[in-house]
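Trainee: any chance you could fold what I've pasted below:
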Amino acid sequence: MRHVLFRVDKGLYAIALSAVREVVPAPTRFTRIPRAPAAVKGVINLRGRVVTVVELSALLGVPPPTTAQLLLLDRGRRELGLMVAAVEGIEALEKFAPPPPRASAAVRGVARLGAQAVTVLDPDGIDTAVAAAFNRS
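Mentor: Predicted structure coming up:
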């Protein structure tokens, strides 16, 4: 299965290519959502679509990126954008080890790409983590 590889802080992450609609430069301004959790940067208007933008680093518990790209997920009628440091490319990742204990619901497992460990994320798990963040706020 092919995955989009990207960086968040110093870590290398991946998400299934089938879950990604497109990658765009991150905007500098967002419309805040009242009472939204800290992980939600706000919303943007992207070519007539309202996209909820999530700071993926906040969901994963790592420092936020200094530069960012927006990874737009294909979630049906709902638009969700993930702020990531940089998209690295597309690679085939076949075998995953189970996620570490206490990993976020967004983590599907860990794969190897050469000598590097790649944390593989689950799009449904990301939705669950975002929903849980709203329920805590």
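
Trainee: give me the beta-bridge partners of Val120?
Mentor: With DSSP bridges as the criterion, Val120 is bridged to Ala14, Gly109.

Trainee: nope, Thr52 is what I meant
Mentor: For Thr52, the beta-bridge partners are Val43, Leu80 (DSSP bridges).

Trainee: what about it, how many residues nearby?
Mentor: Using other C-beta atoms under 10 Å, Thr52 has 18 other residues around it. Heads up, the C-betas are built off the backbone N, CA and C, glycines and all.

Trainee: distance check, the residue nearest to the spatial centre of the chain against Arg2.
Mentor: The structure's the chain has its C-alpha centroid closest to Leu82; by C-alpha atoms, centre = their mean the separation is 4.3 Å. To Arg2, Leu82 is 18 Å away according to C-beta to C-beta, to the nearest Å.

Trainee: hang on, the earlier thing: alpha carbons of the host helix or strand of the residue nearest to the centre of the chain, as CSV, please.
Mentor: Assigned by DSSP states H and E, Leu82 belongs to strand 78-84. The C-alpha coordinates for strand 78-84 follow below in CSV (Å, rounded to 0.1, in the frame of the first residue of the first chain):
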residue,chain,number,x,y,z
ARG,A,78,-16.2,16.9,5.6
GLU,A,79,-12.9,18.8,4.9
LEU,A,80,-10.0,18.2,7.2
GLY,A,81,-6.5,19.7,6.8
LEU,A,82,-3.5,18.6,8.8
MET,A,83,-0.6,21.0,9.4
VAL,A,84,2.7,19.2,8.8
